[in-house]
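Engineer: how would this look folded up:
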Amino acid sequence: MSSSSNQIPPNGALGIQLVQCGGTIDKDYPSALHGFAFEITDAASARILRNISTAYQVSSVITVCRKDSLEMTEEDRVKLREVCEQSNYYRLLITHGTSTMVQTAQHLAEKGLNKTHRIVITGSLLPDKFKDSDATFNVGCSVGALLASNEPGIFIVMSGAVYPYDQVARDPEGRFVSIDNPLAHAGDDPGIEHFLSKKDRFNAGED
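Structural biologist: Numbers count the residues shown, from 1 in each chain. You can find the predicted model right below:
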């Protein structure tokens with residue numbers, strides 16, 4: 001494959017393969033009566049893009065798993081890699097839990113996919129089913145990142161920013177930042193409860 005940005009790769013052209021791994025973006029309220037835990041359901045990326053008129057092809061979703069990313073195993077990442085390798089598409093949009101998406105990106109890069117495909121991994125801090133979710137924004141930014149160039153690579157896209165997979169970290173608030181950011185560190189993901197509580201405090205005028 002030519003490295004020239006003027007050459008559209010032969011495999012997949014301007015189409016995008018959607019891949020689901022689960023995570024907060026796909027969580028919903030429990031379907032069971034009196035349930036308490038969130039459930040991971042259908043892929044938000046497909047739901048978001050279904051209502052958009054596009055000049056490019058968007059594939060049906062391939063579901064690798066429906067897990068919190070802390071529960072993803074090495075076998076799950078191997079399955080994801082195989083899905084990417086076997087896809088007819090050059091561009092892939094992977095939705096994933098935020099806790100370990102960087103580790104997954106690193107796994108794919110170690111297997112050479114950063115040289116053969118253009119891959120974006122995204123997720124959200126609140127579920128797509130929530131009114132104030134960042135899911136639609138993140139999926140839209142991910143599509144833009146995929147179509148902006150023909151160069152191969154693996155990227156993390158969150159909150160309007162596009163990071164090469166090896167140039168991103170988390171800050172103390174759990175936000176994705178450049179590794180050059182003074183607040184960047186490999187801290188724990190604060191989880192959905194953290195962002196829900198921040199939103200509640202903001203709505204109450206406390207934050």
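
Engineer: Which helix or strand lies directly C-terminal to the helix or strand harbouring Ile154?
Structural biologist: Remark: Ile154 resides in strand 153-158, with elements defined by DSSP states H and E. Under the assignment DSSP H and E, the closest C-terminal helix or strand after strand 153-158 is strand 161-164.

Engineer: could you give me the average pLDDT of that next one?
Structural biologist: Rounded to a whole number, the mean pLDDT of strand 161-164 is 97.

Engineer: which helices and strands sit right next to it?
Structural biologist: Strand 161-164 makes packing contacts with strand 153-158, strand 176-178 when contacts are defined by 3 or more Cβ pairs under 8 Å, 6 or more residues apart in numbering; DSSP states H and E. No exception for glycine: its C-beta is placed from N, CA and C like everyone else's.

Engineer: List the buried residues in the helix or strand just after that strand.
Structural biologist: Stepping forward along the backbone from strand 161-164, the first helix or strand reached (DSSP H and E) is strand 168-170. Buried positions in strand 168-170, judged by neighbour count with 16 or more other Cβ atoms under 10 Å: Val168, Ala169, Arg170.

Engineer: show me what contacts the second one?
Structural biologist: Contact analysis of Ala169 by Cβ atoms under 8 Å, 6 or more residues apart in numbering lists Val102, Phe176, Val177, Ser178, Ile179, Asn181, Ala184, His185, Ala186.

Engineer: Correct me if wrong: Arg62 contacts Ile16.
Structural biologist: To be clear, residue 62 is Ile; Arg isn't right here. No - taking Cβ atoms under 8 Å as the contact criterion, Ile62 and Ile16 are not neighbours in contact, 11.9 Å apart.

Engineer: Pretty sure Gly15 sits against Leu92.
Structural biologist: No - here Gly15 does not reach Leu92: they are 10.0 Å apart, not a contact under Cβ under 8 Å.

Engineer: Of the two, give the one with the bigger neighbour count.
Structural biologist: With other Cβ atoms under 10 Å as the criterion, Gly15 and Leu92 differ in neighbour count, and Leu92 comes out ahead with 26 against 18.

Engineer: So that one: helix, strand or coil?
Structural biologist: Reduced to three states with DSSP: H, G, I helix; E, B strand; the rest coil, the structure at Leu92 is strand.

Engineer: Spit out the contact partners of it.
Structural biologist: Counting by Cβ under 8 Å, 6+ apart, Leu92 touches Ile16, Gln17, Leu18, Val19, Cys84, His117, Arg118, Ile119, Val120, Leu146.

Engineer: try 10 Å this time
Structural biologist: Shown here is Leu92, whose contacts under the criterion Cβ atoms under 10 Å, 6 or more residues apart in numbering are 12, 15-19, 59, 62, 80, 83-84, 108, 113, 117-121, 146, 154.

Engineer: what's in contact with the strand or helix carrying Lys79?
Structural biologist: Secondary structure assigned from DSSP H and E places Lys79 in helix 74-86. For helix 74-86, contacts defined as Cβ under 10 Å, 6+ apart pick out 17, 19-22, 62-65, 67, 69, 72-73, 92, 94, 96, 100, 103-104, 106-108, 110-113, 116-117, 119, 121, 154.

Engineer: pLDDT below threshold where in this structure?
Structural biologist: 1-13, 31-36, 186-207 (pLDDT under 70).
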